[in-house]
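Asks: how would this look folded up:
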Amino acid sequence: MTFLCLCYYDQTMFDALKPDDLAALEEACKPHDEALRNSGRLFAQASLAFPQTARTVRPGKNAPSVTGGPYTASNEPIGVFFIVEAQDMDEAAQVASKHPGAHVGNFLGGGIEVRACDFFQAG
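Replies: Alright, predicted model coming up:
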């Protein structure tokens, strides 16, 4: 099965990070990123740009409407997503627990949401 993992962070905590904190965060992430890659279950991973740079596309009367900003305002935006292959939700959550987002709460708060994909097609 395919699972989408959404990694949230606390925007206020992120905004308060100083350059030394960011460097420490990068170092703290390295072993967890490696463990996730070495799990053999990682399909794709990406960091997302800041939410304020997003565009939202919604249905319109005659054509879709595009507006600036995220779909929903949140103090905990999505910072990373990754896709894993696993036998079931329990295994997917176990794999997701290897991601740095499950370990760096002292820097960013947040957490990881794991959701099964009912349909998944690559490319």
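
Asks: what's downstream of the lengthiest helix in the chain, the next helix or strand?
Replies: The single longest helix within the chain, with elements called by DSSP state H, is helix 19-38. Downstream of helix 19-38, the next assigned helix or strand under DSSP states H and E is strand 42-47.

Asks: other SSEs contacting the longest helix of the chain?
Replies: The contact analysis (3 or more C-beta pairs under 8 Å, 6 or more residues apart in numbering; DSSP states H and E) places helix 19-38 against helix 105-108. Bear in mind the C-beta positions are built from the backbone N, C-alpha and C, glycine included.

Asks: Is Gln52 part of a helix or strand, or is it coil?
Replies: Classification of Gln52 by DSSP: H, G, I helix; E, B strand; the rest coil places it in helix.

Asks: how deep is the nearest residue to it once chain neighbours are set aside tucked in, by neighbour count?
Replies: Once flanking residues are discounted, Gln52 sits nearest to Gly69: 6.4 Å by C-beta to C-beta, 6 or more residues apart in numbering. When neighbours are defined as other C-beta atoms under 10 Å, Gly69 has 12 of them.
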